Structures are given as structure tokens and as C-alpha cells.
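> Below are the sequence and a predicted model for it; my questions follow.
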Amino acid sequence: MIGRKRGDVDMALSNWDACGWDGDGNPLIPVAMEFPDGVKVEIYKNWVYIYDQKAWTRKTPYAKPIVMEFWHGDLHYKRLHLIGKRGRQRSIYLYAEYNDYKKGIKLKMFGIGAYGFRGDEYVGIEVKTVEDFIEWLKEQDIDYVEPKKILRYNQGDYYFHTALGLNIQVTEPEKTKTPYLNIMLGIKSDADG
């Protein structure tokens, strides 16, 4: 698209699903957290954006204060520690931990951003992907927290929820509903029966 800049609205978000939980095991919708020092971590499609308004000092093609993209590996940024891996469904598996030792603050985020289609069918995050993610987490040298409930959502639906006020379609893995963009385009999904 001519003139398109990173950070602009991307309708391809409707191809992507996400799920995650915080350090208390509660679902995160969206899979994002802002930490006490203003640094924010967000799963976007199948990578992670790290935002830091205080570090935003120069003109860039990003519309938001994104200081870096994270795809996989082991990264430290200020008080934040990220561990990520490429997983099933062209996904990112993410563990994020914020630790301010002086103030006694330790916050955690666990999440997946995954491609939601299997062939022509929108399936969202598959149960096997969640199981694989949890197995990977348990192999890491982290303070793992068991989720109280796994809830997934379509990332494009979340955009329509915030931009247009549509209800966010949050379900358990593999119990998806047709993404709003598909509904708008008249594309039926097996998810609706």
C-alpha cells in the first residue's frame, strides 16, 4: 500500500489468534501488559512489540512508540526479560517477566500469537499448540504459573472491538467463531456450524 507505515491498521490481523495469562493465571485479553516504568509488551500477529514512550526520541516509520520487535530468543530490556520461541501454527511462544528488585515488584506474562487458519478453515489457536507451549514453558528456568483458564481471541476481532465497539469473541481454543472481517466479506466458516 502506498504511504502505509508500520503501526497502521492492518486488516491481516484477522488471520491471527492470541491467548495468554498473567502471573496470577488470569487470562489476558489482549495479550499485552504495561509495566510500572511505562514499558509495554504486546503480542502482535506472531511477534512481540516492546513500547517505551520515554525512549521515543527520534522520528521513525512507526506510528506508536515501538522501540523493538522480538521474534525469538532471550532478551533483556531495562527491567524486562523476554524468552521466546517459534512454535506450532507459525506462532510465537512468549514468556515475559518484569522485575524491580528494589520495589519488590515481579510481574509475569505468558502468551501465544498464532496463525489461525488450517487450510481454508479458521480454527484459531489449537489445543495442541497450547499444550506444546505449556510443555516448553515448563522446560524453561522460570517461575511457571498454571493458567486458570485458556481463552483465545482473534486479533482482528480485538481491533474491531476497540475501534467499533463490537463484542470481542473470546472462546476456548478450537471453539472459534467466524472472525468479524470474514463476516463483513461474507465468508462463512465451519466454526459457526
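Nice, I can see it. Numbering: from 1, shown residues only.
> and residue 171, how many neighbours?
17 (other C-beta atoms under 10 Å). All C-beta atoms are positioned from the backbone trio N, CA, C, and that covers glycine.
> ok, so what distance separates it from residue 145?
Per C-beta to C-beta, to the nearest Å, residue 171 is found 22 Å from residue 145.
> same check, this time on residue 86
Taken as C-beta to C-beta, the span from residue 86 to residue 145 is 22 Å.
> Please apply the same query to residue 37.
Residue 37 is 22 Å from residue 145, by C-beta to C-beta.
> repeat for residue 23
Distance, residue 23 to residue 145, by C-beta to C-beta: 6 Å.
> Next one, pLDDT for the residue nearest to residue 154 when sequence neighbours are not counted please.
Spatial nearest neighbour of residue 154, excluding adjacent residues (C-beta to C-beta, 6 or more residues apart in numbering): residue 179 at 4.5 Å. Turning to residue 179, the model gives it a pLDDT of 91.
> Residue 179: neighbour count?
28.
> That one: what's it in contact with?
14, 116, 122, 154, 156-157, 169, 189 (C-beta atoms under 8 Å, 6 or more residues apart in numbering).
> most surrounded residue in those residues?
That'd be residue 154 among the contacts of residue 179, by other C-beta under 10 Å, with 30 neighbours.
> Thanks a lot, catch you later.
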